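Visitor: coords please:
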Amino acid sequence: MRGLSPPPVPPRSTESTEGELFFSQQQRGFLTAHTGHSSQETAHSRLTKQGLFPRSWFPPHPTSPIWDVVAFSSTFLFFIFLSVFVWRTQVSFADMVDYHASNNQSSTSGVQTYMEQENDWDRDLLLDPAWEKQQRKTFTAWCNSHLRKAGTQIENIEEDFRDGLKLMLLLEVISGERLTKPERGKMRVHKINNVNKALGFIASKGVKLVSIGAEEIVDGNAKMTLGMIWTIILRFAIQDISVEETSAKEGLLLWCQRKTAPYKNVNVQNFHISWKDGLAFNALIHRHRPDLIDYDSLRKDDPVTNLNNAFEVAEKHLDIPKMLDADDIVGTLRPDEKAIMTYVSCFYHAFSGAQKAETAANRICKVLAVNQENEQMMEDYEKLASDLLEWINRTIPWLENRTPEKTVKDLQAKQEDFRDYRCVHKPPKVQEKCQLEISFNTLQTKLRLSNRPAFMPSEGRMVSDINGAWHTLEGAEKGYEEWILSEIRRLERLEHLAEKFHQKAAIHESWTDGKEAMLTQKDYETSTLAEVKALLKKHEAFESDLAAHQDRVEQIAAIAQELNQLDYYDAPSVNARCQKICEQWDILGALTQKRKESLERTEKQLESIDELYLEYAKRAAPFNNWMEGAMEDLQDMFIVHNIVEIQDLITAHEQFKSTLSEANMEREAIQSIQAQVQKIAQSNGIKLSGANPYTTITPESIDSKWERAMAMVPQRDNALQEELNKQKSNDTLRATFATQANAVGAYIKDKMEEIGRISIEMNGTLEDQLTNLKDYQTTIMSFMPEINKLEGYHQLIQEALIFDNQYTKYTMEHLRVGWEQLLTTIARTINEVENQILTRDAKGISQEQLYEYRASFNHFDKDHTGSLMAEEFKACLISLGYDVENNKQKRSGQMVSEDFRALLISTGTSLGDAEFARIMGIVDPNASGAVTFQAFIDFMSTETTDTDTADQVIASFKILAGDKNYITAEELRRELPPDQAEYCIARMAPYTGPDAAPGALDYMSFSTALYGESDL
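Guide: A predicted model of the protein is given here:
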């Protein structure tokens, strides 16, 4: 009964004695149970107004409101009796549990701080039977919601925890930690030990338990058990709830107020009366899952229906067990605050988990969207590369086809097809090849920026493979063009030789016609001596004629041999005709020798020889052969390729004309012999028997041939002059082409040099540079008409069969390649600036940083090649704040290398040979020894930025999977957009872990595969 006596000396001190604190607590419990008032201030005012107790017996309160409770109808002794009764029969909940915040100054104690305002809650209200019933039901349901994860549950909260086994299991489930092994004995000591282990674990989490001992729990003390469970709920379900740095209770209340603020008839101010009509529960569910509740259909005057609706929806769709009873809440003047808080905390955790899932889903969607875009670019690259390689592989065999043609006309048709290929079919493919390289570079840049592995095209479809195939195509193209030109030359010569062969063969066959019959006749057997001598002389003249024709036969054979060597298509007929001529020539030689021998045998019998006829024959025959040769030369076809060659032919023709006077004198001399014969015959009265017996060449035939030869001379003059004019025209065409080619070549060279300067200069922002480059590209493309004009000149040159040009060093092939390189270079430069913009925007690099990187790069790029050698790259790194250990002296500002190295080391920056080798492996993976500016920018951006990682994606998937090591297709379709959900389902491998369920998918290997960290 200590504490009931008033203090001896009023006013008392501000510190309440133990009895006074107990009295106030018991008094509040009594008043609460019978009057519905729990405030100490209200009791203070009421009792002092009635004069039952002196005002000094109660601790003063700053507000001191009037106690509005019914008057006590007993004396002071009756009140003391009731107080003593309450004190003896009830145990204050405040004496059971005492939450003590850890010292804020001690950060190493490991005990988490509980909010001090929790100590002000009405802990002794547990004595109200209605509230105790609500707490039993709520706490039991809360415990079972966790114990079912371990495959068990409780029926009676004070009985089922008595042995401590399920209590320890509950703590393991909600904490995720393993407790010490429980004792399995049935004796009381075993149960006490198990409960002590559980209480010790609770205490290790920063909870100071006061007046709760293992014996009370083992004895089934309901109040102690409920107090312990509330302690566990407060620690593991409510304590971590914090909104805007508030306490657990205030944070949970603030969360409820914010979520229900838009709803009519809902005003959450506490955790008891504000929830009686059930609208607050329905509003919480509707705020997060509007598809589950038709809030507008609810009525405030039907609380039971509202409560049951919320409880059933939460249990069915949100996996929140039914912890409260609608009738209990509605039938109680003030529902139990702890029960309401416990149940509401389940909503908080359920919906906060959904928010985390949504955040995780958004992260995954973002990663998958990037991956899908990259995959589409990869597919586009593969298709473009495949189509281009297919076209190259289809074109190369056509260019490598060397099937010979029979005529120049057929080859010129092939040349026209080749020109159509160069001007129509190839230019679009050049653009495709350029676009392919640009797409590949852009894709690799995006992959680097999104921290993805570099794209490796299918085997045979690398950019290097495309370039290799393109190089093979250009080689075949060049070889095909050279082959066509050489074939045209060959066929022109073949046609010339064939015509020459047939002309000479026709002349020879005309000469040999009847010679066999002449050589086989027996006319000398009946001839006189003079006639025999004449026949012998005639035969000698024939032998001379035969010898003169020997050169023609050799020429015919040589031409036939050359036609065979040049693979003339009609070689068999040429060979047959040549064989016939040679065989006939052998026969003539044999017959000539045989007739000579016959005439020489009969010569001894013949003495008379007509010397004049013989002289005539001897001089007429060579002259006749000379005239035939001259006519043959005058009729000979010629083919020249330049002015020098035609001028040589004209000079030779002029030399021939200079010999005509001498030849005419010889003709007149021969004719004078015949005239002398006639004169002698007339003077001597001799009757000539007929023609000259020594030759068939008559003076008339000589004159006739001479006249024909003289008529051919001006014709030859005209033909040579026409050819001279043609060669002069060709020379003019050469000069025209050379003028245009020199201008185009100089333009291409100048533009290539300007592009090289632009790529290393820093004028304006990257966007300005990009705009200037595109304007520059447009300017270059405006030069295309000049290229087309040059192509027209080139076509005229080819049609004129001009094969050389001394006025220029450029060929059309050279200029085509230069033009294509110019277009490709400007496109690559534009793509490099676009990639720099992409890198800047994705990595957050400022314009000033890019200028600094470009200035450092250009400074050490002494030869302006657009790349740095290893030593230059080292120097560049040093200029940006790295120290590369090197024995060579380098200057950095005004400091020598050692001073600069010491400065860098003093500031904490150091980079050794091993680190530099690692960096070179990144920027120069092919070990070429050169570092491009794009590789340099990629390295610097990687060093200064951060991106998503595979671990972050795995953590996001783990949230969606509810902390499982696998995820199901249903969960993916529920949390992700349809297309990305199906994308994941199609690519995730089945999960094969020991905890696998049917349809389980492995999201870990899938996530690492996105970043190139697995072989999936």
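Visitor: what helix or strand is the residue most central in space within the chain on?
Guide: Taking C-alpha atoms, centre = their mean, the centroid of the chain lies closest to L443, which sits 2.6 Å from it. If you go by DSSP states H and E, L443 is part of helix 426-449.
Visitor: what comes into contact with that helix?
Guide: 370, 373-374, 377-378, 380-381, 384-385, 387-388, 391-392, 452-455, 457, 463, 466, 470, 820, 823-824, 827-828, 831-832, 834-835, 838-839, 842-843, 934, 938, 941-942, 947 (C-beta atoms under 8 Å, 6 or more residues apart in numbering). C-beta here means a position set from N, CA and C on the backbone, and glycine is covered the same way.
Visitor: quick one, longest helix in this protein?
Guide: helix 337-400 (DSSP state H).
Visitor: on that earlier part again, and the angle for the helix holding L443 with helix 337-400?
Guide: 150 degrees (axes from the mean of the first three to the mean of the last three C-alpha atoms, to 10 degrees).
Visitor: the strands in the stretch 901-1016 of the chain, which residues?
Guide: All strands of the stretch 901-1016 of the chain, identified by DSSP state E, counting those that start in this stretch, fall at 930-932, 989-990, 1001-1002.
Visitor: what's the last one packed up against?
Guide: Translated: strand 1001-1002. Judged by 3 or more C-beta pairs under 8 Å, 6 or more residues apart in numbering; DSSP states H and E, strand 1001-1002 is in contact with strand 989-990.
Visitor: off-centre distance for the strand it packs on?
Guide: 27 Å (C-alpha atoms, centre = their mean, to the nearest Å).
Visitor: again, but for stretch 918-933
Guide: 19 Å.
Visitor: repeat for stretch 986-994
Guide: On C-alpha atoms, centre = their mean, the centre of stretch 986-994 falls 28 Å from that of its chain.
Visitor: can you pull out the helices in the stretch 151-300 of the chain?
Guide: Applying DSSP state H, counting those that start in this stretch to the stretch 151-300 of the chain gives helices spanning 165-175, 188-204, 214-218, 222-233, 248-260, 279-288.
Visitor: quick one: the helices in the stretch 501-650 of the chain, in order.
Guide: All helices of the stretch 501-650 of the chain, identified by DSSP H, counting those that start in this stretch, fall at 515-520, 529-565, 571-603, 611-635, 643-658.
Visitor: identify each buried residue in the fourth one, please.
Guide: Residues of helix 611-635 classed as buried by neighbour count (16 or more other C-beta atoms under 10 Å): 612-621, 623-628, 630-631, 634.
Visitor: before we move on, what about the last one?
Guide: Within helix 643-658, the residues that qualify as buried by neighbour count (16+ other C-beta under 10 Å) are I646, L649, I650, H653.
Visitor: of these, closest to F873?
Guide: Comparing these against F873 with C-beta to C-beta picks out I646 as the nearest, at 62.2 Å.
Visitor: give the contact list for that closest one.
Guide: Contact partners of I646, counting by C-beta under 8 Å, 6+ apart, are V640, L720, E723, L724, Q727.
Visitor: out of those, list just those in helices.
Guide: Using DSSP H, the contacts of I646 in helices are L720, E723, L724, Q727.
Visitor: pLDDT score for the closest residue to the second one other than its chain neighbours?
Guide: Closest residue to E723 apart from its sequence neighbours, by C-beta to C-beta, 6 or more residues apart in numbering: I646 at 5.0 Å. What the model reports as pLDDT for I646 is 81.
Visitor: and I646, how far from L485?
Guide: Going from I646 to L485 by C-beta to C-beta, to the nearest Å gives 21 Å.
Visitor: Q847 and E662, how far apart?
Guide: In terms of C-beta to C-beta, Q847 sits 93 Å off from E662.
Visitor: out of the two, which sits in the busier spot?
Guide: More neighbours surround Q847 than the other of Q847 and E662, with 12 against 9 (other C-beta atoms under 10 Å).
Visitor: can you pull the contacts of the more buried one?
Guide: Contacts of Q847 by C-beta under 8 Å, 6+ apart are T765, L766, R840.
Visitor: any idea how far the closest residue to Y381 other than its chain neighbours is from P457?
Guide: Closest residue to Y381 apart from its sequence neighbours, by C-beta to C-beta, 6+ apart: S439 at 5.4 Å. S439 is 11 Å from P457, where distance means C-beta to C-beta.
Visitor: any common contacting residues for the two?
Guide: Y381.
Visitor: show me what contacts the nearest residue to H146 once chain neighbours are set aside?
Guide: Leaving aside its sequence neighbours, H146 sits nearest to V173 (C-beta to C-beta, 6+ apart; 4.7 Å). Contacts of V173 were listed using C-beta under 8 Å, 6+ apart, and they are H146, L147, K149, A150.
Visitor: nearest to N965 among the residues you listed?
Guide: Comparing the contacts of V173 against N965 with C-beta to C-beta places K149 closest, at 15.8 Å.
Visitor: nearest residue to the closest one in space, please, no chain neighbours.
Guide: V173 (5.4 Å).
Visitor: again, but for M627
Guide: Nearest non-adjacent residue to M627, counting by C-beta to C-beta, 6+ apart: K705, 4.5 Å away.
Visitor: the one you found contacts N625, doesn't it?
Guide: No: K705 is beyond contact range of N625, at 10.4 Å (criterion: C-beta atoms under 8 Å).
Visitor: distance check, the residue nearest to Y381 against E615.
Guide: 93 Å.
Visitor: cool, and F347?
Guide: Using C-beta to C-beta, F347 is found at 145 Å from E615.
Visitor: kindly report the same for D863.
Guide: 88 Å.
Visitor: now F1006
Guide: From F1006 to E615 the distance is 115 Å (C-beta to C-beta).
Visitor: and D963, by the same measure?
Guide: From D963 across to E615, the span is 132 Å (C-beta to C-beta).
Visitor: residues in contact with the helix or strand in which F418 is found: which ones?
Guide: Assigned by DSSP H and E, F418 falls within helix 408-420. Residues external to helix 408-420 that are found in contact with it (C-beta under 8 Å, 6+ apart): E405, Y480, E481, I484, E487, I488, L491, E492, E495, Q795, Q798.
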